[in-house]
Each structure stands twice: as C-alpha cells, then as structure tokens.
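> curious how this folds, go ahead:
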Amino acid sequence: MPFDIRQIRYAVAAADHGSFYRAARALDVEQSTLSRNILKLESAIGVKIFNRSRAGVTTTIAGSTFIRSARTMVTHADKLVANMRAAGQGRAGGLMIGYNSAVSAGNLRATLLSWRDAHPDVEIDGMEADRGALLAGLDTGEVDLAVVMGEAKHNGYRREVFWSERVLVALPAGHRLAGYEKIHWTDLRDERFLLTAADPGPELRDMLLGRLSMLGGQPDIRLHHISRESILSLLGVGLGISVVCEGATGARYPEVVYCPLYGEQGPALIAYSGYWRDDNTNPALRRLLAFVRSRYALSFHIRERSN
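Predicted coordinates:
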C-alpha cells in the first residue's frame, strides 16, 4: 500500500506535539483525518509508529527511527516546493547557511546583513554547528552553503576562499599584555591558552602549535569541552588567555579585553571558505556566491573539489 508526503507530515507533527489533537490543530486539519492517515501510514510500512494513550502519543523504538528519516523527507519536500514556487514567481526562494564560528561581529555577520537588505525576498536560515555536522548537512541537502574557518577536508564539494579575518588575543583586563596595542607571537611564549574542544577550537589550536613551537618549548594549550562563551567567561577570572577571530568580538564579557595579534608580516589572519555542492541548483545560492565575490572583490576563484 503506497503512502504520501502528507501522511509523513502528519506523523512528524504528531511526534513533535506529542498529541494527535495538538498536531491536528497546528496543521489545521480534523483530528480524525490526521489519525486515519497515520493509521494508513503505519499499515503501509508495517510498523507501529506511535504508542497511544489518554495523555497523548509517544514514538515506539521503530517509530523514533522512522521519524528521524521522515523529518528529512519533509524538509526536502518543503524545500523542493519552495524552490519550484520561487522559480515560477521569479524569486530565489530560501537559503540555509551553516557556519562553525561566532557571528556576533566580523565579515560573516556583515555579509548576511547586507545580503538580507539587498534581497529581502530571500529567506535566510542559519545553523551554527561543527564542521562535521555542516558537511553532513551538505550531503543531505539541508545546508546550501557551509562557511568554515580554515579548511574542511571532504570530497565532492566546491570550495572558494571568501575572506580573511584578524586573529585577536582575548585577555583578562588585568593581564600584563592587556594594555598593548599589538601583541606579537613572541609575547605569548609562556602563556596558558584556553580553547573550546568544539569548532573552531582545534583549528586555532593547530595555528598556536605551529607558530609557538617555532619559538621553542611546548605551548600550554588546554582544550575544554565547553562553549566559546564559557571559555571567555573563564578568562575574566584570570584562568588563562585565548585567541579568537574578529567575528567573535561582538559579544563582550566582564574583565575581558581583545588585542590584535601580529606576526612578522603584519596582522595574524585566518581564512574563511565557503563549501557547497556542485549539483545544488538553488538560484539563491548562485546569487549569494556572486554577491560575496563582488563584496570582497575576489580576484581569484578556487574552483576546486576539496580533498
């Protein structure tokens, strides 16, 4: 017996709301219609999706597995319909932008704000996650464009370097270096660094290891399984220092200051790259890529597949 996307949508809504009644109200359909279609769906796939009780519904073990896949199917179906409507109406539809760094300041925030002002007809959604989750989102089509600090090794994607941002040292306000206009790598030789184990912490750790190891000795770098925000809060009580990209400096923390980091050739910089699937035909993505190239006057295009 066949089933359709409407039945899958009903099942996802019931799982989200924990109730056929509430799901039916949210979807503006009769509860009997929703319940009947979910029964047909369970019959079609040969699996009981929900446990039913007076208190509502919960997913069975098999049902939980089904709902995870069903959610992706509904997302894809909605995206397909939205893109087709946008094409028919001469609009660009929507965009899902994934990123693995803060957007409280810096080029990513400025770019998205400028794009929104210039293209109010395009709906933009954002997702902050580590690069593994972003690449998985590209695989499934849930993410149109992943903007990643540094490089992400993965086959089959298009990559373009978008921009570079300054690296800054985050310090307790009472630190000996806090009053410096510029901090050089040599100033950091004996410091303790606190970084998050999540993205982009490992990328910054590798940069620190590479530069400070050249000065001799073993850098004291500690990765913690806490957020960037928690790391910055710890700095304020004098537990160490950290390094951040310019995009993370929009949020302020008590007793924490930011100072630019310099090397022999000038400000320390880290590149941000965009990754997308070559078979992504979303017209909004193409418009956004053109917008970024124009905004940052890119004189080169890395039209490569990442390895």
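> could you confirm residue 226 falls within a strand?
No. Read with DSSP: H, G, I helix; E, B strand; the rest coil, residue 226 is coil and lies in no strand.
> show me the contacts for it.
By Cβ atoms under 8 Å, 6 or more residues apart in numbering, the residues touching residue 226 are residue 196. C-beta coordinates here come from the backbone N, C-alpha and C atoms, glycine included.
> can you read off the pLDDT for it?
Looking at residue 226, its pLDDT stands at 87.
> name the residues that touch stretch 18-29?
So stretch 18-29 is contacted by 9-10, 13-14, 16-17, 30-31, 33-35, 38, 56-58 (Cβ under 8 Å, 6+ apart).
> which non-adjacent residue is nearest residue 118?
Nearest residue to residue 118, sequence neighbours excluded (Cβ to Cβ, 6 or more residues apart in numbering): residue 291, at 7.1 Å.
> how near is that neighbour to residue 162?
Distance, residue 291 to residue 162, by Cβ to Cβ, to the nearest Å: 11 Å.
> shared neighbours of these two, which are they?
Joint contacts of residue 291 and residue 162 (Cβ under 8 Å, 6+ apart) are residue 111.
> what about those two, which has more around it?
residue 162 (21 against 15; other Cβ atoms under 10 Å).
> the more buried one against residue 272, yeah?
Yes. Residue 162 lies in contact with residue 272 (Cβ atoms under 8 Å); the separation is 5.2 Å.
> what residues do those two have in common as contacts?
Common neighbours of residue 162 and residue 272, counting by Cβ under 8 Å, 6+ apart, are 107, 147.
> next, the buried residues of stretch 290-297.
Going by neighbour count (16 or more other Cβ atoms under 10 Å), the buried part of stretch 290-297 is 292, 295.
> need the contact partners of that stretch.
Residues outside stretch 290-297 that contact it (Cβ under 8 Å, 6+ apart): 107, 111, 114, 115, 118, 119, 160, 162, 163, 274, 298, 301.
> since that was my last question, I'll sign off now.
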